[in-house]
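Trainee: Test case, fold it:
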Amino acid sequence: MDLTMNKNILRKAAALIEALGYIQRFNEKIVVVKLGGSFMDSRKEFRKVLTDIVFMHAVGMRPVVVHGGGKAITQAMKEAGLQAQFVLGRRYTDDRTLAIAEHVLVNDINAFIVATIGELGAQAMPLHSLGSAVLFAEKLYLSDESNPRIDIGRVGQITRVNAALLRALTAADYIPVIAPIALDTAGGKLNVNADTAAGFVAAACQAEKMVLVSDTHGIRANKDDPASLVRSVTRGDIEKLIAAGNIGEGMLPKVEACFIALDGGVQKTHIIDGRFPHALLLEIYSDRGVGTEIVRS
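Mentor: Residues are numbered from 1 along each chain as shown. The predicted structure follows:
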């Protein structure tokens, strides 16, 4: 065995030993993973991230998956001849838009995730508005200085999560896969923000962690400088970054989702880039990680 090969083998062994402590610590702990971003556009890259989730499950974690699908919904609307409309930065959702969003989220993305997890050797349970829903919401209104009640269509804010069902499924060795369409009290359907949904799911399940897998490596001290990635921040740190203008509109829903989870008792939340190979495993099972962790204090 040559020296180079020997070093590579020792490096792999060291990584496994480093992971051991985390595997033991997180055994049978619920971890909510929210999937969203451009890596989902490639089935090959998407499958790699799902492989990491199946690994987590195989070594004793209890992952719960929440997924988005904004880009795919926008493309489906374009193909249907619909132009996306936005109100105060939020997509306006009429009945036709909701029907398209539901079809894409449930029949395309959710179905792909469930089927792929099955192919990789684990059992997944689809949870959505066309089957067993676990998200419940009321209609969301926005406000500004001139109007305290701005209608944005069939969009909801979550009021309840069926955490008992999620805990029962994870205890039975299933990976729940949640699409972000919620039901209201009358049985109507409302589109909800997937990041926000993940925050409420993590809080309701008293998850150990929540990881938002997206298109960004994490939070930057200077939003224009990729080298200024911050590895660990508190809520107070984030509030200062927002005040300084270093956390913009694209990141705000993610940090707000992290606050929801942390306020609900989750120990740590993370924001990582799904385009980075095995980012999910490196963030959870290594000392340094590859993204930003957000902690309560």
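Trainee: Name whatever forms a beta bridge with the spatially most central residue of the chain.
Mentor: Residue closest to the average C-alpha location in the chain (Cα atoms, centre = their mean): residue 34, at 1.3 Å. Beta-bridge partners recorded for residue 34 (DSSP bridges): residue 66, residue 212.
Trainee: Please enumerate the strands of the stretch 151-297 of the chain.
Mentor: 174-178, 181-183, 189-191, 209-214, 232-234, 268-273, 292-295 (DSSP state E, counting those that start in this stretch).
Trainee: List the buried residues of the lengthiest helix in the chain.
Mentor: Longest helix in the chain, counting residues (DSSP state H): helix 3-25. By neighbour count on 16 or more other Cβ atoms under 10 Å, the buried set for helix 3-25 is 19, 22. Where you see a C-beta, it was placed from the backbone N, CA and C, and this is true even at glycine.
Trainee: which helices and strands does it pack with?
Mentor: helix 279-285 (3 or more Cβ pairs under 8 Å, 6 or more residues apart in numbering; DSSP states H and E).
Trainee: Please list the outside residues in contact with the helix it packs on.
Mentor: 18-19, 22-23, 26, 31, 33, 49, 52-53, 55-56, 209, 211, 213, 270, 272-274, 276, 289-291, 293 (Cβ atoms under 8 Å, 6 or more residues apart in numbering).
Trainee: Now the buried members of the residues you listed.
Mentor: 19, 22, 26, 31, 33, 49, 52-53, 55-56, 209, 211, 213, 270, 272-274, 289-291, 293.
Trainee: give me the low-pLDDT residue ranges for the stretch 101-250 of the chain?
Mentor: Counting by pLDDT under 70, the stretch 101-250 of the chain contains no low-confidence range.
Trainee: what ranges do the helices span in it?
Mentor: 111-119, 163-171, 194-205, 235-243 (DSSP state H, counting those that start in this stretch).
Trainee: how far away is residue 196 from residue 263?
Mentor: Relative to residue 263, residue 196 is positioned 13 Å away (Cβ to Cβ, to the nearest Å).
Trainee: want to throw the strands of the stretch 151-297 of the chain into TSV with distance to residue 167?
Mentor: TSV is the format used below for these (distance: least, Cβ to Cβ, whole Å):
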stretch	distance to residue 167
strand 174-178	10
strand 181-183	19
strand 189-191	24
strand 209-214	15
strand 232-234	28
strand 268-273	19
strand 292-295	24
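Trainee: how about those, which one is nearest residue 10?
Mentor: strand 268-273 (26.7 Å; Cβ to Cβ).
Trainee: May I have that closest one as PDB, with CA atoms only?
Mentor: Taking Å, rounded to 0.1, in the frame of the first residue of the first chain, the C-alpha atoms of strand 268-273 are listed here in PDB:
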ATOM      1  CA  LYS A 268     -30.100  24.200  16.700                       C
ATOM      2  CA  THR A 269     -31.100  25.200  13.200                       C
ATOM      3  CA  HIS A 270     -28.900  25.200  10.100                       C
ATOM      4  CA  ILE A 271     -28.800  26.800   6.600                       C
ATOM      5  CA  ILE A 272     -26.700  25.000   4.000                       C
ATOM      6  CA  ASP A 273     -26.200  24.800   0.300                       C
END
